[in-house]
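Undergrad: sharing a sequence plus its predicted fold:
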Amino acid sequence: MAKTHMLRRWRRAAIVGLAAAAVVLSGCSIQISSQPDPSIGDDTMLINADKGNPFFTRNFNPYLTNTRTASRWIYEPLILVNPLDGTLNPWLATEWSQPDARTIVMTIRDGVEWSDGEELTPDDVAFTFQLLKDNPSLDIKGAWQHLESVETDGSDVIMHLQTEDAPSLSILGLTMIVPEHIWADVKDPGTFRNEDPVGTGPFVLGNYNDQQYSVDKNPDYWQADKIEIEHIILPSTNSQLDTVTRGYDWAYSFISDVEGTWGAASPDNAWWFPPGGVIGLMPNLEIAPFDDVNVRRGIALALDREEIAETASEGYMQPAGQTGLILPNQEEYLDPSIPDQGMLTQDADASLAAFAEAGYTLQGDQLVGADGKQLEFALTTANGYSDWTRAAQTVQRQLAEVGVKVTLKLPQPAGYQSAISNGDFEMAIGGMGNGDVYQAYNNLLSSEFYVPSGEATANNFERYRSDEADALLAEYRETVDPARQAEIVNELQGIVYDELPVIGLYYGGIWGLFNDSKFTGWPTEDDPYMIPQNYDSAPLMIFTRLERVKGDDD
């Protein structure tokens, strides 16, 4: 019943061969090359990071979901978090402490000015948090789900938490700070477009029209000596063809055959696709038979993750284990007592044994339950998510080999999101894990997010409930002892490994595309100082690390 290694190798070779043939054929009719705009100077960066619909709306309110991407390079957070591994980097806050699990003290950086010349003060920070409290729709990071009150004391901002809540530090640190002397006069911050933004960040708004805008270096930035980019241009139209041919210095996109497209377009093009989460099968635990761990284990053991990863991600991403951790990013948290780093190997005999524990037996080519009916279910994924669709199709075929019938449901992305939020699915392609291990397990396992199917939730889409997991998560929140926190993480990953609330398949990628002709110093596998995405606040760190390539005349 189980595949042989030779068969797996043959199938993978066939897939790669077909892909290569497609590239060769396309190469006969068109040569892919990048054509940089000669009018863009060597001190200017062209970035594919913002998309019009099809045109830009002039909106630089950093708290609105439809804000322009560059607003997060104009405004800055207190702490800059690397989502790859959860590393906390001092930013507008130079240091912080937690004297107890209900109190956070942040020291605000001296010598920082708003781009209009006013000084940043701790009062600006306290004002920002009050602004979010008074306008809950702006609290996009959920700060006031944790805060009781905020006060200032000299250079410090003191945050009093609602409960013992040590992990809230990173969430509160992500808050982007705005100037009180401007925002205090805004009548309706929830609709304020902030067309002329004033921030503390490395860039200020330059030229603007509805098809393209630019940002210029802030000469008074507190790290101005680390910023070698004078201007950034962001066009509104950027298809995959544009990404490859237009001469972008930085793009973020999944591209099929990246070596033969992006890589072939310019000798200076490079890329880095680190893992950013675990893509997996998400069962609805309120629907039989997925409420039986033996059924979930049977499904997990029937799957060849190497084939799924290669087929889904075109070989870019690796198979994922069953701990919920992202490896190697979070290897330090891995429980050494879990075998093979949590990787489950396809084993058809063990799969059928697990199904037998749940009352299913293989009869001919069908896995049949006590009611005489074949085990079958619908697997939901989002239409247009090509890697997820390929993963679902491979799962469908592999489960058929142990007698399980799977049908695919592919709603549009908005319909998919609604389905998993409301529990309107049997099994879905979904995810688990992120750079903050506590938040990853809390979002996956906490019964605080539990609502019955038919009601909407923002996390724990599989509807998992466990007194043991809740107790561990509560204890993690209550302790500031790193050693005990590490022990709790070991216990939480053991729950995910043993109970399979989500069945891990492969890692989801972060699709960083770079060009080294004008600027170097991009994050890489050897120097993963920041996630290589060009949206949200991550670019703030990357901009400080990039250096201009010096020409003969420099």
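TA: Received the coordinates, thanks.
Undergrad: all contacts plus neighbour counts: C-alpha atoms, from now on.
TA: Noted.
Undergrad: so where is the stretch 1-150 of the chain shaky, pLDDT-wise?
TA: 1-32, 34-36 (pLDDT under 70).
Undergrad: mind listing the strands for it?
TA: 44-48, 79-82, 87-90, 93-100, 103-108, 147-153 (DSSP state E, counting those that start in this stretch).
Undergrad: point to the helix or strand of this protein where mean pLDDT is at its lowest.
TA: In the chain, the helix or strand scored least confidently by mean pLDDT, DSSP states H and E is helix 5-29, which has a mean of 29.
Undergrad: where do the strands sit along the stretch 351-500 of the chain?
TA: Listed in chain order, the strands of the stretch 351-500 of the chain (DSSP E, counting those that start in this stretch) span 361-363, 366-368, 376-380, 405-409, 427-432.
Undergrad: who wins for proximity to S71 among those strands?
TA: strand 427-432 (28.1 Å; CA to CA).
Undergrad: and the closest one, what other elements does it pack with?
TA: strand 275-283, strand 376-380 (3 or more CA pairs under 8 Å, 6 or more residues apart in numbering; DSSP states H and E).
Undergrad: what's the angle from that strand to strand 275-283?
TA: 150 degrees (axes from the mean of the first three to the mean of the last three CA atoms, to 10 degrees).
Undergrad: shift numbering so it begins at 128
TA: New numbering, starting at 128: the last item is strand 554-559.
Undergrad: would you check that I304 makes contact with L205?
TA: Yes - using CA atoms under 8 Å, I304 is in contact with L205, at 7.4 Å.
Undergrad: distance of Y656 from D212?
TA: Between Y656 and D212 the distance is 10 Å, computed by CA to CA, to the nearest Å.
Undergrad: more neighbours, these two?
TA: Using other CA atoms under 10 Å as the criterion, Y656 and D212 rank with D212 on top: 23 against 17.
Undergrad: wait, what's in contact with the most centrally placed residue in the chain?
TA: Closest to where the C-alpha atoms of the chain average out (CA atoms, centre = their mean) is G403, at 5.5 Å. Going by CA atoms under 8 Å, 6 or more residues apart in numbering, G403 touches P210, L211, I453, N561, G562, Y634, G635, G636, I637.
Undergrad: go ahead and build a ChimeraX selection from the buried members of these.
TA: Here is the ChimeraX command that selects the buried residues among the contacts of G403 (16 or more other CA atoms under 10 Å):
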select :210,211,453,561,562,634,635,636,637
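Undergrad: could you work out the most separated pair of the contacts of G403?
TA: P210 and Y634 (14.3 Å).
Undergrad: hang on, the earlier thing: so which of the helices and strands packed on strand 554-559 is the most surrounded?
TA: strand 402-410 (a mean of 26; mean count of other CA atoms under 10 Å).
Undergrad: which element follows that strand toward the C-terminus?
TA: As assigned by DSSP states H and E, the chain's next helix or strand after strand 402-410 is helix 420-428.
Undergrad: centre of the chain to that next one, how far?
TA: How far helix 420-428 lies from its chain's middle: 27 Å, per CA atoms, centre = their mean, to the nearest Å.
Undergrad: now swap in stretch 367-376 and tell me
TA: With CA atoms, centre = their mean, you get 23 Å for stretch 367-376.
Undergrad: low pLDDT regions in the stretch 478-627 of the chain?
TA: Using pLDDT under 70, the stretch 478-627 of the chain has no residue that qualifies.
Undergrad: can you rerun that using 90?
TA: Residues of the stretch 478-627 of the chain meeting the criterion pLDDT under 90: 511-514, 540-541, 558-563, 575-576, 583-585, 607.
Undergrad: residue boundaries of the helices in it?
TA: 513-527, 540-549, 564-572, 594-605, 609-626 (DSSP state H, counting those that start in this stretch).
Undergrad: what would the fourth one look like as CSV? C-alpha coordinates only.
TA: Translated: helix 594-605. The C-alpha coordinates for helix 594-605 follow below in CSV (Å, rounded to 0.1, in the frame of the first residue of the first chain):
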residue,chain,number,x,y,z
ASP,A,594,-8.3,22.2,29.9
GLU,A,595,-4.7,21.1,29.8
ALA,A,596,-3.8,23.5,27.0
ASP,A,597,-5.7,26.4,28.6
ALA,A,598,-3.9,25.8,31.9
LEU,A,599,-0.5,25.8,30.2
LEU,A,600,-1.3,29.0,28.2
ALA,A,601,-2.5,30.7,31.4
GLU,A,602,0.6,29.7,33.2
TYR,A,603,2.8,31.1,30.4
ARG,A,604,1.0,34.4,30.6
GLU,A,605,1.6,34.5,34.4
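Undergrad: in a markdown table: the contacts of G403, plus distance to L667.
TA: Conversion of these to a markdown table gives the following (distance: CA to CA, whole Å):
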| residue | distance to L667 |
| --- | --- |
| P210 | 13 |
| L211 | 15 |
| I453 | 24 |
| N561 | 20 |
| G562 | 18 |
| Y634 | 25 |
| G635 | 23 |
| G636 | 21 |
| I637 | 17 |
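Undergrad: gap between the two ends of stretch 210-223?
TA: Note: stretch 210-223 ends 19 Å apart using CA to CA.
Undergrad: actually stretch 302-320, not the one I wrote
TA: 18 Å.
Undergrad: ok, stretch 199-218 next?
TA: 14 Å.
Undergrad: would you mark the buried spots in it?
TA: For stretch 199-218, using 16+ other CA under 10 Å, the buried residues are 199-213, 216-218.
Undergrad: in the stretch 178-327 of the chain, which spans are helices?
TA: Going by DSSP H, counting those that start in this stretch, the stretch 178-327 of the chain shows helices at 198-201, 249-261, 295-300, 307-310.
Undergrad: would you mind finding the most buried of these?
TA: Neighbour counts (mean count of other CA under 10 Å) averaged over each of those peak at helix 198-201, with a mean of 26.
Undergrad: find the nearest non-adjacent residue to L332, please.
TA: V342 (4.5 Å; CA to CA, 6 or more residues apart in numbering).
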